[in-house]
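**Student:** Got a predicted model here, sequence first, then my questions.
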Amino acid sequence: MARNRIPIAAATVLSMSLLPVAPVPFLNASPLQVASAAGDPVLAAAGDIACAPGSKVTATACDQKATSDLLVTMQPNAVAALGDNQYDSGTLSQYNGAFDPTWGRVKTMIRPAIGNHEIKSDPKAGGYYSYFGAAAGAQGKGYYSYDLGTWHVVVLNGNCGAGAGCAAGSAQEQWLKADLAAHPAYCTLAYWHQPRFSSGNHGSDTKYDAFWKDLYGAGVEVVLNGHDHDYERFAPQTPAATRDDGKGIQEFVVGTGGAHFEPMSSVKPNSMVRNQTFGVLKLTLHAGSWDWQFVPVAGKTFTDQGTGYCH
């Protein structure tokens, strides 16, 4: 559906405070739906979260408790756990020993994405599916969708070999096209673990070209990823990495959930902001626009915020 887009408003990098938002329970519906009782819904997101049980908390590692404290204070309507939610291999015992006492405090809000560490010791990701249950979608697929207020949200599986494929014509890519066609919402957001574009340690990954082409063709607004252990915001761009303020997708890498940091690589085109601070991305989803705010853990000052408009 072709629509003109109002340009992205000027973003700012500054200090901010948390504003509590009343939680709203998830409804039993298919596809998964989330409704806001009052006001516009809030989606909080981060990946690369919990260290192995018993790991020592330092200034640069294993601070999943601090990021979970942000979620408990914020009380968003939904939480996007962007993969590698539990290190090192995402077994059920590891989830129960580290993720659950921290991010598990908001478990009923979490709509997770699967990461590569979830399949490190088990290609079927038994610990991941056992811990999250129906919230993770059909076991063995790792992709699903839900509605959040007026927005449609698509969750994909970036583990192309262990999932249903990522290339054009694969089962997952065919599902993605069908889901987007069946849910032509004015505003749409997608997330999975591994980023297509990144200036982080792993860098950009062309395996996700088909995802981006389908999402761009459907007029999707936002893509969220983790995998690289940093925060990075890109300007709206095409699948070919050409800046496109009219109908481009704005990508955020939010691998800041608490696990650890890794070296950055070369800066990619259209990268606007890069930082390594533990925290979560707060997205307020309006009917026709969205506001973003990176919320740092207590004691840190980096933040990033702005407003975007739907296609």
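**Tutor:** Done, it's in. Residues are numbered from 1 along each chain as shown.

**Student:** Run through the stretch 151-300 of the chain and note the low-pLDDT ranges.
**Tutor:** Filtered on pLDDT under 70, the stretch 151-300 of the chain yields no residues whatsoever.

**Student:** rerun that using 80 as the cut-off
**Tutor:** 162-163 (pLDDT under 80).

**Student:** what about the helices in it?
**Tutor:** 171-182, 209-217 (DSSP state H, counting those that start in this stretch).

**Student:** Out of those helices, which is the most enclosed?
**Tutor:** Highest mean neighbour count among the helices of the stretch 151-300 of the chain (mean count of other Cβ atoms under 10 Å): helix 209-217, with a mean of 19. (Glycine included, C-beta is placed from N, CA and C.)

**Student:** Could you tell me which residues make contact with A162?
**Tutor:** 119, 123-125 (Cβ atoms under 8 Å, 6 or more residues apart in numbering).

**Student:** which of these has the most neighbours?
**Tutor:** Greatest neighbour count in the contacts of A162, by other Cβ atoms under 10 Å, goes to A125: 28 neighbours.

**Student:** measure that residue to A164 for me?
**Tutor:** 13 Å (Cβ to Cβ, to the nearest Å).

**Student:** what is in contact with the two at once?
**Tutor:** In contact with both A125 and A164: G142, using Cβ under 8 Å, 6+ apart.

**Student:** coming back round to it: for A190, find the nearest of the helices of the stretch 151-300 of the chain.
**Tutor:** helix 209-217 (5.6 Å; Cβ to Cβ).

**Student:** How about residues contacting the closest one?
**Tutor:** So helix 209-217 is in contact with 154, 156, 166-168, 170, 173, 176-177, 180, 188, 190, 192, 196, 223, 238-239, 247-249, going by Cβ under 8 Å, 6+ apart.

**Student:** what about K141, neighbour count?
**Tutor:** 17.

**Student:** ok so, going back, need the helices of the stretch 151-300 of the chain in JSON lines with distance to G54, can you?
**Tutor:** Output for the helices of the stretch 151-300 of the chain, formatted as JSON lines (distance: least, Cβ to Cβ, whole Å):
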{"stretch": "helix 171-182", "distance to G54": "36"}
{"stretch": "helix 209-217", "distance to G54": "36"}
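
**Student:** Tell me which of the ones you listed sits nearest to K56.
**Tutor:** The minimum distance between K56 and the helices of the stretch 151-300 of the chain falls on helix 209-217, with 37.0 Å, by Cβ to Cβ.

**Student:** Convert that closest one to CSV, retaining C-alpha atoms only.
**Tutor:** The C-alpha coordinates for helix 209-217 follow below in CSV (Å, rounded to 0.1, in the frame of the first residue of the first chain):
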residue,chain,number,x,y,z
ASP,A,209,17.8,-9.5,2.3
ALA,A,210,14.6,-11.3,1.6
PHE,A,211,13.1,-10.3,4.9
TRP,A,212,14.0,-6.7,4.2
LYS,A,213,12.6,-6.7,0.7
ASP,A,214,9.3,-8.1,1.9
LEU,A,215,9.1,-5.7,4.8
TYR,A,216,10.1,-2.7,2.7
GLY,A,217,7.6,-3.7,0.0
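
**Student:** I appreciate the help and will end here.
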